[in-house]
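Novice: coords please:
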Amino acid sequence: MKPRCPTVRRGSFSSAWIAALPLLVWILGTGCGSGPSRVVAPKPASGSTIGSLYAFADPTSILVHWSTRLNARTEMPPYPEPDPPWRAPATSRLLMSAVGPDVGFRVIAERKGVGIDSTVAIRLTPDRSYWFRSATYTGFGIEIDRSQPIEVQPGGPDVVIETFGSVWPDTDDPQPLFAWSPQGDAIVYARTGDVDPYEGNLFLHRFDGTPDEPVTNFPRDGHVLRSVDWAPDSDRIAFVYSPGRTWPDVDHRIWVTNANGAEPVSLTNGYGVSDPAWGPNGTLYFARQIEESLPITQVEAAQVSDSTAHRTILSSVGYKYGLNVHPDGARIVYSGEDQSALSRSLFVLDVTTGLSRRLMSAEPWDDISPSYSRDGKTILFCSRRSGTYEVWRYDLTSGRLKQITHAHSGRIGPGFARESPDGQRLALWLRELPQNEGFVRILQMN
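Specialist: Have a look, this model is predicted:
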């Protein structure tokens, strides 16, 4: 219950007021009925009192896992006493908002001290966004730390149709691991060796029940193979292949083959290229890092029929990941980082002007691996906005977000999914814990 603000009367300063000072400090700390103070207390240099925060959703409820902790300064004394003196949290709270990530929060759970907890919010509206954050407080109700908000939408359950493959378990680099055929009757994916993850080849999975077939047959020499894309109007498949472990993060080359297993042809050579993405009429776009010391990649375009015909598309944004071309070929969506952001955001690049614009406002969570729908009206992407990677859809006309997956076990990680050409199925890379082995999982789209 919120404390009532006291009525202050004029009078002499007496010992009664001195005795009431602790109560007045507590009331002021709670904002006189307006909830906990939003003034953040000074933090010690050794870290935060906020732990983990993530959530899973059902059609009408959200399960939130949250934790708070003692700061390292209080866990491992002695440390120089900060000014003002640092205090261990007396209270931890979970707050919820149905308005937005910065306003409308109210307390829905509270515990003494710090620790690990779970809270269920019930009777919620499906497909509506709810935001959660955790915070710690002193014994006077003054806020010490608060978490960044997470965003969740009730929905699900996810309907799994099929699981197959053992794909590249590279959890640090969200590059494309598979691609749909133009007809939606097959998926090409990168599968590692049985023992060594640096022994990869492309395999073709057809949905007619036949065994998976190899598309490439590279020797077992410790190479790297990833970043797969299938042309929307042919049987050509592009991918990144590094011929050895000597420079696996630098010596990336883009190769092209077809679904029948033709001999792969190298389209590029030299310094680090990545993320091939097919446009219409046989145009292949890809990212190239300009210099090893600069966090800037430029986008280039090449005609597969003439591997020497490259043209550069300029962009002012730094790193670019997961290129995907609009069906009309005029725009490219990608996940990028600029100097103003602490996380990866979605950008749209105009192929003609070379200018990029941010698709949504900068947020504290990563939005990665975007792809246009076949009609070009929406963008599917993976986001950590719920605390773990889930698949979301962004409507380019209305600007509305919709959460697509609501996983209760395992993680989509680092975050990669693609919609089938007919929009009826979703293929995603799901990392199984604790083995950290990845599989392609096919879900039925609602």
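Novice: From here on, just use CA atoms for contacts and neighbour counts.
Specialist: Will do.
Novice: Quick one: the helices in the stretch 1-150 of the chain, in order.
Specialist: Secondary structure of the stretch 1-150 of the chain (DSSP state H, counting those that start in this stretch): helices at 15-29, 72-75.
Novice: Can you flag the weakest of these by average pLDDT?
Specialist: Of all the helices of the stretch 1-150 of the chain, helix 15-29 carries the lowest average pLDDT, namely a mean of 39.
Novice: how about the residue nearest in space to the middle of the chain, phi and psi?
Specialist: In the chain, the centroid-proximal residue (CA atoms, centre = their mean) is Ser383; its distance is 3.1 Å. Here is the backbone geometry of Ser383 (degrees, to the nearest 10): phi -140, psi 150.
Novice: Next up, the contacts around it.
Specialist: Contacts for Ser383 (CA atoms under 8 Å, 6 or more residues apart in numbering) come out as Trp365, Asp366, Asp367, Ile368, Tyr389, Glu390, Val391, Trp392, Gly415.
Novice: change it to 7 Å
Specialist: Shown in contact with Ser383 (CA atoms under 7 Å, 6 or more residues apart in numbering): Asp366, Asp367, Ile368, Tyr389, Glu390, Val391, Trp392.
Novice: Could you measure from the closest residue to the first one other than its chain neighbours over to Asn281?
Specialist: Meaning Asp366. Closest residue to Asp366 apart from its sequence neighbours, by CA to CA, 6 or more residues apart in numbering: Arg344 at 4.7 Å. Here Arg344 is placed at a distance of 30 Å from Asn281 (CA to CA, to the nearest Å).
Novice: which of these two has more neighbours?
Specialist: Arg344 (22 against 13; other CA atoms under 10 Å).
Novice: Wait, that one touches Tyr334, no?
Specialist: No - using CA atoms under 7 Å, Arg344 is not in contact with Tyr334; the gap is 9.8 Å.
Novice: Run a quick neighbour tally on the residue nearest to Gly336 when sequence neighbours are not counted.
Specialist: Computed as CA to CA, 6+ apart, the closest residue to Gly336 that is not its neighbour in sequence is Lys320, at 4.5 Å. By the criterion of other CA under 10 Å, Lys320 has 28 neighbours.
Novice: Tell me who's in contact with the residue nearest to Asp366.
Specialist: By CA under 7 Å, 6+ apart, the contact list for Arg344 reads Ser335, Gly336, Glu337, Asp366, Asp367, Ile368.
Novice: Over to Glu419?
Specialist: Arg425, Leu426, Ala427.
Novice: again, only this time at 8 Å
Specialist: Ser373, Leu380, Arg425, Leu426, Ala427.
Novice: Save those as a markdown table, and put in distance to Val440 too.
Specialist: As requested, the contacts of Glu419 are exported to a markdown table (distance: CA to CA, whole Å):
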| residue | distance to Val440 |
| --- | --- |
| Ser373 | 19 |
| Leu380 | 17 |
| Arg425 | 12 |
| Leu426 | 10 |
| Ala427 | 7 |
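Novice: Between all of those, which two are separated the most?
Specialist: The widest separation within the contacts of Glu419, taken as CA to CA, falls between Ser373 and Ala427 and amounts to 13.3 Å.
Novice: wait, isn't Trp255 in contact with Ser242?
Specialist: No - taking contacts as CA atoms under 8 Å, Trp255 lies outside contact range of Ser242: 9.9 Å.
Novice: ok, how many other residues are close to the residue nearest to Thr119 when sequence neighbours are not counted?
Specialist: Spatially, and ignoring its direct neighbours in sequence, Thr119 is nearest to Val64 (5.2 Å; CA to CA, 6+ apart). Residues within reach of Val64, counting by other CA under 10 Å, total 21.
Novice: what pairs with Val64 across the strands?
Specialist: Judged by DSSP bridges, the bridge partners of Val64 are Ala55, Thr119.
Novice: any chance you could map the strands in the stretch 51-200 of the chain?
Specialist: 62-68, 91-97, 106-112, 115-121, 130-137, 143-146, 150-152, 159-167, 178-180, 186-191 (DSSP state E, counting those that start in this stretch).
Novice: helix or strand for Gly438, which one?
Specialist: Assignment of secondary structure by DSSP states H and E places Gly438 within strand 437-444.
Novice: Buried residues in that strand, which are they?
Specialist: By neighbour count with 16 or more other CA atoms under 10 Å, strand 437-444 contains the buried residues Gly438, Phe439, Val440, Arg441, Ile442, Leu443.
Novice: neighbours of the closest residue to Phe218 other than its chain neighbours, just the number please.
Specialist: The shortest distance from Phe218 to any non-neighbouring residue, by CA to CA, 6+ apart, is to Asn201 (6.5 Å). Asn201 has 24 neighbouring residues, counting by other CA under 10 Å.
Novice: my read: Asn201 touches Val215, true?
Specialist: Yes - Asn201 is in contact with Val215 according to CA under 8 Å; the separation is 7.4 Å.
Novice: Now render the strands of the stretch 51-200 of the chain as TSV, adding distance to Ser398.
Specialist: Shown next, in TSV, are those (distance: least, CA to CA, whole Å):
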stretch	distance to Ser398
strand 62-68	25
strand 91-97	22
strand 106-112	28
strand 115-121	28
strand 130-137	19
strand 143-146	31
strand 150-152	19
strand 159-167	27
strand 178-180	27
strand 186-191	31
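Novice: where among these is the average confidence lowest?
Specialist: strand 159-167 has the lowest average pLDDT among these, namely a mean of 80.
Novice: what about the stretch 201-350 of the chain, any weak spots by pLDDT?
Specialist: 220-223, 243-251, 270-271, 291-295, 306-309, 314, 316-317, 338-342 (pLDDT under 70).
Novice: in it, which spans are helices?
Specialist: Counting by DSSP H, counting those that start in this stretch, the stretch 201-350 of the chain contains no helices.
Novice: What are the boundaries of the strands in the stretch 251-400 of the chain?
Specialist: Going by DSSP E, counting those that start in this stretch, the stretch 251-400 of the chain shows strands at 253-258, 265-266, 273-278, 283-289, 297-303, 306-313, 320-325, 331-336, 345-350, 356-358, 367-372, 378-383, 390-395.
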